[in-house]
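Engineer: Quick one, structure for this:
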Amino acid sequence: MKGIPPRRFFGLLFLLAAGSFRLFAQEQSAQELKGQAVLQVDERTVLLLWSQNSSGMPRSDAAQYMTYLIQSLRSALNEAGYPTVDNLQIDSLTDKPSELALTYGKERALRWVFILNLTLSDRSLSWTIGAYDTKREALRASDSFSTFPGLSALPSLDDSARGLVQAWLASIAADPEVVNLAEYSQLFTGPQDGIEVWYGPAKTGVLAGTLEGGTLEGRYLPFPQDQPLFITLYKEGFWPRSMILPKGVTSKTIKLPALQKQSVHVWGVGTGRGRLLGATYFYRYYPLPDRLFFRFDNAFWAGYNFTPGSVPFWHDELRFGMGLYLQDPVDSALRLAIGTGGSGIISYLPGLEEGSVSTNLDMLLDPIWFSLEYHFPRWALFTEFRLPYATGSGFLSQGWLEASNGGPFFLIGVLFK
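Structural biologist: Residues are numbered from 1 along each chain as shown. This next block holds a predicted model:
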């Protein structure tokens, strides 16, 4: 080991710092959308409200006609892709049915409410159907008809229901506020089982499901087509990740990335320049996962020049320190850590005479060290550069140290989370 000129020392620091610049450019734009509303008003489901009156006729007769009218209306809506969520009987209609539609629709977060009113007497069967838009607070289409009671009235009931649906569809076809909703569930695949997919923020959004066997068919929700959808991936003990589906729910399968395990207790092994005849074992504890850590290393190696008559020079270094990751976000695959610390090297130099050994302790300072790492979900590859300073307490002279062939020390190895 020999001293490093100050110019080379500070030049190396500059190069390492400049190389880390790209890490600061990473952003996680999806986080800005955290907390946004995921669910919107259901624009694909229709609520039916109905009322019937009979004058001088059995109520059961009026109920039969109303049942047929509801069935016809449901059939026409289903064919158009608008299923009915429910049908509710109301005692009687007020003079402002639009207010009734708004009240029921907004309570259930539904845009479309159809109100049916049927009146039966001994000589007349009459009905009215209104299609209300709770978002625009308007009547979009309506139909009224009157005929004689009997079997001949059934085709008229069916024609009225279908004609009303066609008029309603024509009314909303050119409306820019009418949102077409996805009619299928989103499919997901991924390499990591146990990942929960949430529509919106994790734990406060809606759980789409959990990835099992590498696949997931998400829970169906009526999301708008061709509009971005915010989702969050979550797994206990791993860093959550936010994603944006640019076109929302589509028929294309979405491939999910693997999540990074949160680092708390990490073990590792490596070797380095000037220490190839040996290995380094180390442990890291992260009080702030993947951000701040304390390190404890033990390196054991031999110095040997492979010439006749030479003997190995044994070294055992106990090293301690702390480090800080500079990248953002914390779960980035490529990471730069910077730290400081110190160490003590116990050296054993066997003498030429049998049984004679020279032993000494060198105290080193690590004012600064750099580590460049590439992380996989449960492990990582790393290379570390250090510029130790010897205090002159043992075999080593006081000053900056470099490897036996010149240049800084570096360590390469593997981390296990």
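
Engineer: use CA for all of it now, contacts and neighbours both
Structural biologist: OK.

Engineer: ok, Ser124 to Gly213 distance?
Structural biologist: From Ser124 across to Gly213, the span is 63 Å (C-alpha to C-alpha, to the nearest Å).

Engineer: and what of Lys252?
Structural biologist: Relative to Gly213, and taking C-alpha to C-alpha, Lys252 is found at 19 Å.

Engineer: what about the two, which has more around it?
Structural biologist: Gly213 (12 against 9; other C-alpha atoms under 10 Å).

Engineer: which residues touch that one?
Structural biologist: Applying C-alpha atoms under 8 Å, 6 or more residues apart in numbering, we find Gly213 in contact with Asp193.

Engineer: next one: phi and psi at it?
Structural biologist: phi 60, psi 20 (degrees, to the nearest 10).

Engineer: That one and Phe188: what is the separation?
Structural biologist: 11 Å.

Engineer: ok so Ser393 is a helix residue?
Structural biologist: No. Using DSSP: H, G, I helix; E, B strand; the rest coil, the secondary structure at Ser393 is coil, not a helix.

Engineer: my guess is it meets Leu365, correct?
Structural biologist: No. At 11.8 Å, Ser393 does not count as touching Leu365 under the criterion of C-alpha atoms under 8 Å.

Engineer: which of these two has more neighbours?
Structural biologist: Each of Ser393 and Leu365 has its neighbours counted (other C-alpha under 10 Å); Leu365 has more, 19 against 14.

Engineer: Excluding chain neighbours, what is closest to the more buried one?
Structural biologist: Closest residue to Leu365 apart from its sequence neighbours, by C-alpha to C-alpha, 6 or more residues apart in numbering: Gly342 at 4.3 Å.

Engineer: now Pro83
Structural biologist: Thr45 (5.3 Å).

Engineer: What number of neighbouring residues does that neighbour come out with?
Structural biologist: Neighbour tally, Thr45, other C-alpha under 10 Å: 20.

Engineer: what number of residues lie near Val414?
Structural biologist: 18.

Engineer: Gly278 too?
Structural biologist: 17.

Engineer: same question, Asp158
Structural biologist: For Asp158, using other C-alpha under 10 Å, the count is 19.

Engineer: Equivalent analysis for Glu107, please.
Structural biologist: When neighbours are counted by other C-alpha under 10 Å, Glu107 comes out with 9.

Engineer: Roughly how far does it sit from Asp42?
Structural biologist: 12 Å.

Engineer: Helices along the stretch 101-250 of the chain, start to end?
Structural biologist: 153-173 (DSSP state H, counting those that start in this stretch).

Engineer: Where does pLDDT dip in it?
Structural biologist: 176-181 (pLDDT under 70).

Engineer: Would you map the strands across the stretch 251-400 of the chain?
Structural biologist: 254-255, 265-272, 278-288, 292-303, 313-325, 334-350, 357-375, 379-386, 389-390, 399-400 (DSSP state E, counting those that start in this stretch).

Engineer: And the longest one, what does it pack against?
Structural biologist: Using 3 or more C-alpha pairs under 8 Å, 6 or more residues apart in numbering; DSSP states H and E as the contact test, the elements touching strand 357-375 are strand 334-350, strand 379-386, strand 389-390.

Engineer: ranking those by burial, who's on top?
Structural biologist: Mean neighbour count (mean count of other C-alpha atoms under 10 Å) peaks for strand 389-390 among these, with a mean of 22.

Engineer: quick check: mean pLDDT across it?
Structural biologist: Averaged over strand 389-390, pLDDT sits at 94.

Engineer: what about that strand, distance to the chain center?
Structural biologist: 46 Å (C-alpha atoms, centre = their mean, to the nearest Å).

Engineer: do stretch 83-92 as well
Structural biologist: Distance, centroid of stretch 83-92 to centroid of chain: 39 Å (C-alpha atoms, centre = their mean).

Engineer: Not counting it itself, show me its contacts.
Structural biologist: Arg44, Thr45, Val46, Leu47, Leu48, Leu49, Trp50, Ser51, Gln52, Arg74, Leu77, Asn78.

Engineer: Chain neighbours aside, what residue packs nearest to the fifth one?
Structural biologist: Nearest-residue entry for Leu48: Asn87, 4.4 Å, with adjacent residues in sequence omitted and distances by C-alpha to C-alpha, 6+ apart.

Engineer: Pairing partners for whatever helix or strand the one you found lives in, with directions?
Structural biologist: Secondary structure assignment for Asn87, by DSSP states H and E: strand 84-89. Sheet partners assigned to strand 84-89 using DSSP bridges are listed as strand 42-55 (parallel).

Engineer: Now do the strand it pairs with, average pLDDT.
Structural biologist: On average, strand 42-55 scores 88.

Engineer: Right, I'll call it a day here.
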